[in-house]
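Visitor: Show me the folded form of this:
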Amino acid sequence: MALRLKISNVLSLQVFQILRFAAFTVVDVFFAKSHLTVKEMGDWHLMLFITSGISFFWISGIIQSLIPLFNNNSSFKSTDRPRLVKSPELFNAFILLTVFSTIFTILILLFGHFGFKSSSVGQIPYHNLLALYFFFNCPGALIEYIYLLKNKPYHIFYFGIISFVLILLVVCVPVLLGYNIIFSIWGLIIFTILRYLFLIFLLLKYSRIQFSWSFMKSHMKLGYPIILSALLSGSTQYIDGALASFAVGTERFAVFRVGTVELPMVNQLANGLSNAMLVGFATVEKMKLTLVEIKRKSLRLMHYLFPLSIIVMIFSRWIFNTMYNENFNRSADIFMVYQLIIISRLIFPHTILIGLKKTKVLLNISIISIILNIALSLLFISSYGLVGLALGTVSVLVLEKIFLILYNYYKLGIKPTEYIPMKWYLFYSSMIILVFVLIDHRIIKIY
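Guide: Presented below is the predicted three-dimensional model:
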């Protein structure tokens, strides 16, 4: 009973995000210590990179715009709903996800057959299997948000645990038995199909099958700026990955990708908090309480995650020597730079804009950010190589949040101190930058 009292929607969604990240991190470590070659690991990472790179933006846009519209739109009024309150919004969101998934699956097949044939560096590995995985994987992202919108935090929690265990089993067991990477890919596809079938079950249980073109238009009107904004701002990392892939080849691409991870939990906890808070902007009164809640919960994350990031930064070399083999020593330098991304993760001006349905602002600022990202990537890669790509990503993500904070203050009249624990935030940000500079100048030794 005590456990049930402590699990909220925010916590359960954060735990789910952590478990999903942890599953693939454990897989990476297991693969690095297995009989698989660096080339096979490179193919695995490139498959996941392509899947994430061509889906993260529209999945984020569709789901994040669904949350403010859920039970709060003109297409489906409360008086039109059946007594059991099955939600037609969920069914229409599923249709949108399926349409986008189908379009990009076709593109994968077309590019796999006709594209990149002249370059072995840019060739898509196992494109037919990638297309199969992609089609079933993308709509499955709706599952945890069905539970969130239906206020079922324990279901999110247990679903995350079950998914974590299943992914490890279906991906790692084939390699443990001595098979090559293609059997692990098939294991991941089987898991994704099972998850898709479970999604259909949830839709039959919680949604009303009622297509509404009116709702679709409202959904996309609110969602398309988020989609384009996520594409532009989120592409900072994918631009780096693309440059790394074409500049250094598949094997060194794996080295780069292994290093481009933040402290486990930072992005997952931040995204979980942000998405869970989106339901709190329906009225002015609720918004004021939500801002206070964001400030309180983000401070709690800062107290835990900033000190932990600093420690991880100091011991990054030792961590990579322990977790991986000597082929991935260079990944430690990239990993250290990526710890600075925490400065942008633990503030939430974007959550306010999405909650207030002012999504076009995100798009405009993202356009500015992508221009800066391209300029900084070209500048830093010439001077610092792969590490420079990571520095460019960090710089752009921080600048983007600064732009959003300024907009909220000058245009909406929402002070940063209303949702950011400013004194603690500036203290922790200064400390982690100081430690980075000390390590970079060899004043602090990386073990």
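Visitor: correct me, but Gln17 touches Gln268?
Guide: Yes. Here Gln17 reaches Gln268: they are 3.3 Å apart, a contact under Cβ atoms under 8 Å. The C-beta positions use only the backbone N, C-alpha and C, and glycine is treated the same way.
Visitor: Strands along the stretch 1-150 of the chain, start to end?
Guide: Assigned by DSSP state E, counting those that start in this stretch, the stretch 1-150 of the chain shows no strands.
Visitor: Output the below-cut-off pLDDT ranges for the chain.
Guide: In the predicted model, the chain carries pLDDT under 70 at residues 1-5, 77-85, 113-124, 234-239, 241-254, 264, 282, 325-327, 329, 444-447.
Visitor: ok, 50 please
Guide: Within the chain, the ranges that satisfy pLDDT under 50 run 1-4, 83-84, 116-121.
Visitor: Packing partners of the helix or strand in which Asn321 is found?
Guide: Secondary structure from DSSP states H and E places Asn321 in helix 316-323. Counting contacts by 3 or more Cβ pairs under 8 Å, 6 or more residues apart in numbering; DSSP states H and E, helix 316-323 is packed against helix 331-338.
Visitor: if we look at the next helix or strand after the helix it packs on, which residues are touching it?
Guide: The helix or strand immediately downstream of helix 331-338 is helix 342-345, counting by DSSP H and E. Outside helix 342-345, the residues within contact range by Cβ atoms under 8 Å, 6 or more residues apart in numbering are 262-263, 266-267, 270, 305-306, 309, 394, 397-398, 400-401, 429, 432-433.
Visitor: Could you rerun that using 10 Å?
Guide: The contact list for helix 342-345 (Cβ atoms under 10 Å, 6 or more residues apart in numbering) reads 262-263, 266-271, 273-274, 298, 301-302, 305-306, 308-310, 313, 393-402, 425, 428-430, 432-433.
Visitor: These in strands, which ones?
Guide: Using DSSP state E, the subset of the contacts of helix 342-345 located in strands is empty.
Visitor: Only the buried subset of the residues you listed, as a PyMOL command please.
Guide: The following PyMOL line selects those of the contacts of helix 342-345 that are buried, judged by 16 or more other Cβ atoms under 10 Å:
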select buried, resi 262+263+266+267+268+269+270+271+273+274+298+301+302+305+306+308+309+310+313+393+394+395+396+397+398+399+400+401+425+428+429+432
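Visitor: Can you get me a residue count around Lys295?
Guide: Neighbour count of Lys295, defined by other Cβ atoms under 10 Å: 18.
Visitor: quick check: angle from the helix or strand containing it to helix 331-338?
Guide: Element membership for Lys295 (DSSP H and E) is helix 284-314. Between the axes of helix 284-314 and helix 331-338, defined by axes from the mean of the first three to the mean of the last three Cα atoms, to 10 degrees, the angle is 150 degrees.
Visitor: what distance separates helix 284-314 from the centre of its chain?
Guide: 18 Å (Cα atoms, centre = their mean, to the nearest Å).
Visitor: Specify the angle between that helix and helix 316-323 in degrees.
Guide: Interaxial angle of helix 284-314 relative to helix 316-323 (the same axes, to 10 degrees): 80 degrees.
Visitor: just checking, what packs against helix 284-314?
Guide: Where contact means 3 or more Cβ pairs under 10 Å, 6 or more residues apart in numbering; DSSP states H and E, helix 284-314 is packed against helix 9-32, helix 266-277, helix 331-338, helix 342-345, helix 349-355, helix 422-440.
Visitor: among these, which is nearest Pro174?
Guide: Smallest distance to Pro174 across the helices and strands packed on helix 284-314 (Cβ to Cβ): 11.2 Å, for helix 9-32.
Visitor: Check which residues of the closest one are buried.
Guide: So for helix 9-32, counting by 16+ other Cβ under 10 Å, buried means 9-24, 27-28, 30-32.
Visitor: Relative to the whole chain's centre, how far out is it?
Guide: The answer for helix 9-32 is 11 Å, by Cα atoms, centre = their mean.
Visitor: which helices and strands does that helix pack with?
Guide: helix 38-53, helix 143-149, helix 153-176, helix 181-206, helix 213-259, helix 266-277, helix 284-314, helix 316-323.
Visitor: Nearest to Thr359, out of those helices?
Guide: Comparing those against Thr359 with Cβ to Cβ, the closest turns out to be helix 213-259 (3.8 Å).
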